[in-house]
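>>> Here you go, sequence then predicted model.
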Amino acid sequence: MGPGDLTDGKPVTEHPSRPRKAYVAELTGLLDLSGWGPGARLLVRRERAHPGAQLSLIDTDGWRHQAFLTDQQDDDLAELDRRHRAHAHVEARIEDSHALGLAKLPFRAYEMNEAWMQLALCAQTSSPTPRH
């Protein structure tokens with residue numbers, strides 16, 4: 001998947017509310033992944049960056065690249081990408097809950113910590129602007 005060449009990547013279907021041109025390709029054969037365990041695969045997602053996005057050195061011509069490793073053997077690269085992105089959202093929510101007070105429960109009593117947890121989760125749910 002070279003710069004400007006979109007024919008090598010498989011098109012990814014995005015959520016209708018956030019249409020974005022994106023592609024995913026497998027680069028496993030280009031690198032030695034033996035140190036990552038049996039079945040390791042390298043996939044890269046390429047998508048148009050939104051206007052005003054901060055691009056990195058490897059992002060070219062307005063395309064953002066995100067690579068990830070997986071050991072899942074599914075042949076549907078778009079589905080592997082979807083699963084990876086969904087999992088990233090779950091991890092972001094866990095990070096948010098830790099930042100809102102769930103990293104360490106402050107009380108010795110179970111009931112007080114239960115109330116603390118419910119308040120922290122309410123704060124996370126009612127937060128107007130998620131971090132991610």
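Looks like it arrived, so ask away. On a predicted model such as this, the values are computed, not experimentally measured, just so you know.
>>> Now do Arg18, the pLDDT please.
At Arg18, the predicted lDDT confidence score is 60.
>>> Do a quick rundown of the strands in the protein.
10-11, 22-26, 41-48, 63-70 (DSSP state E).
>>> With distance to Lys104, mean pLDDT and mean neighbour count as new columns, can the ones you listed be given to me in CSV?
The C-beta positions use only the backbone N, C-alpha and C, and glycine is treated the same way. Below are the strands of the chain laid out as CSV (distance: least, Cβ to Cβ, whole Å; pLDDT from 0 to 100; neighbours: other Cβ atoms under 10 Å):
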stretch, distance to Lys104, mean pLDDT, mean neighbour count
strand 10-11, 43, 66, 14
strand 22-26, 38, 89, 20
strand 41-48, 35, 90, 19
strand 63-70, 30, 88, 16
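>>> Switch those strands over to a markdown table, and while doing so, append distance to Cys122 to every line.
What follows is the strands of the chain, written out as a markdown table (distance: least, Cβ to Cβ, whole Å):
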| stretch | distance to Cys122 |
| --- | --- |
| strand 10-11 | 40 |
| strand 22-26 | 34 |
| strand 41-48 | 34 |
| strand 63-70 | 32 |
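>>> Could you point out which of the ones you listed sits nearest Glu91?
Closest to Glu91 of the strands of the chain is strand 63-70 (Cβ to Cβ; 12.3 Å).
>>> Just list what the closest one packs against, helices and strands only.
In terms of contacts (3 or more Cβ pairs under 8 Å, 6 or more residues apart in numbering; DSSP states H and E), strand 63-70 is packed against strand 41-48, helix 77-97.
>>> isn't Leu121 right up against Ser97?
Yes. Here Leu121 lies in contact with Ser97, judged by Cβ atoms under 8 Å, at a distance of 6.9 Å.
>>> I am finished for the moment; much appreciated.
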